[in-house]
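Student: quick one, what's the 3D model for this:
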Amino acid sequence: MFRGGCGVLERMARVRQILKERPVIPAIRTGRDITRLFKGAPRCVFVLESSILDLQKNVAQLSEAGHVVFVHVDLVEGLKTDPAGIHYLVDMIAPHGVISTHRTVLEWAKKAGLLRVLRVFLLDSEALRKGRDLAAQSTPDFVEVLPALSVPLLPERMLKEMAFPLIAGGLVTEIGEVHSILKRGAVGVSTSQSVLW
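Tutor: So this is what the prediction gives:
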């Protein structure tokens, strides 16, 4: 049985506090990325690529180091994103939250008591409209927009249309880019560039 909303408000408050102090979110793809995070202060961490075979160990190590871990469930090799897959994720992997581009996955994750990040690709104005509509339907805890470098270029009204706390991800390579994105109101910037962590 799915865990209900137990602890969601507390986890959300913790995520907001961590992002306020450390808004750069490590987006990890390898075990070497994980070892870089063991000594640092608690962070929000996005696990972008993994196999079901090593995901439990990776999430456990990150959680034990004090990090809040979000798993991009669409990219986990061997995990089917259906109710049984989410149930397995909750019971066996125990991340704090999930990232997905699919409304149904976010709905199942909500029932399971997980925090949810909707990932939206801003390719053009139609993609922005669809992303806004998907966010309104799925009511995620955060919306991650990609590429991050589009955020400083978007009009203020378009950013406000998302109506959920924004995280920007993708193509960020310099600290100046992080600052310009945060100045536009994003609460975090996810990046696989470890020099920015």
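
Student: burial of Tyr31, as a residue count?
Tutor: You called it Tyr, but residue 31 is Gly. Counted with other Cβ atoms under 10 Å, the neighbours of Gly31 add up to 12. Backbone N, C-alpha and C define where each C-beta goes, glycine included.

Student: before we move on, what about Gln193?
Tutor: 16.

Student: can you pull out the helices in the protein?
Tutor: 8-21, 31-36, 52-64, 83-88, 103-111, 125-138, 156-161, 175-183 (DSSP state H).

Student: check those for me and report the most buried one.
Tutor: Mean neighbours per residue, mean count of other Cβ atoms under 10 Å, is largest over these for helix 103-111, with a mean of 20.

Student: show me the contact partners of that helix.
Tutor: When contacts are defined by Cβ atoms under 8 Å, 6 or more residues apart in numbering, helix 103-111 is touched by residues 2, 4, 73-74, 81-83, 86, 97-98, 100, 116, 118, 134, 137-140.

Student: now the helices of the chain in JSON lines, with distance to Ile167 and mean pLDDT?
Tutor: Shown next, in JSON lines, are those (distance: least, Cβ to Cβ, whole Å; pLDDT from 0 to 100):
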{"stretch": "helix 8-21", "distance to Ile167": "8", "mean pLDDT": "93"}
{"stretch": "helix 31-36", "distance to Ile167": "18", "mean pLDDT": "87"}
{"stretch": "helix 52-64", "distance to Ile167": "18", "mean pLDDT": "94"}
{"stretch": "helix 83-88", "distance to Ile167": "21", "mean pLDDT": "96"}
{"stretch": "helix 103-111", "distance to Ile167": "15", "mean pLDDT": "96"}
{"stretch": "helix 125-138", "distance to Ile167": "12", "mean pLDDT": "94"}
{"stretch": "helix 156-161", "distance to Ile167": "12", "mean pLDDT": "88"}
{"stretch": "helix 175-183", "distance to Ile167": "9", "mean pLDDT": "98"}
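
Student: dump the ones you listed to JSON lines, plus distance to Arg43.
Tutor: As requested, the helices of the chain are arranged in JSON lines below (distance: least, Cβ to Cβ, whole Å):
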{"stretch": "helix 8-21", "distance to Arg43": "6"}
{"stretch": "helix 31-36", "distance to Arg43": "11"}
{"stretch": "helix 52-64", "distance to Arg43": "9"}
{"stretch": "helix 83-88", "distance to Arg43": "24"}
{"stretch": "helix 103-111", "distance to Arg43": "21"}
{"stretch": "helix 125-138", "distance to Arg43": "24"}
{"stretch": "helix 156-161", "distance to Arg43": "24"}
{"stretch": "helix 175-183", "distance to Arg43": "14"}
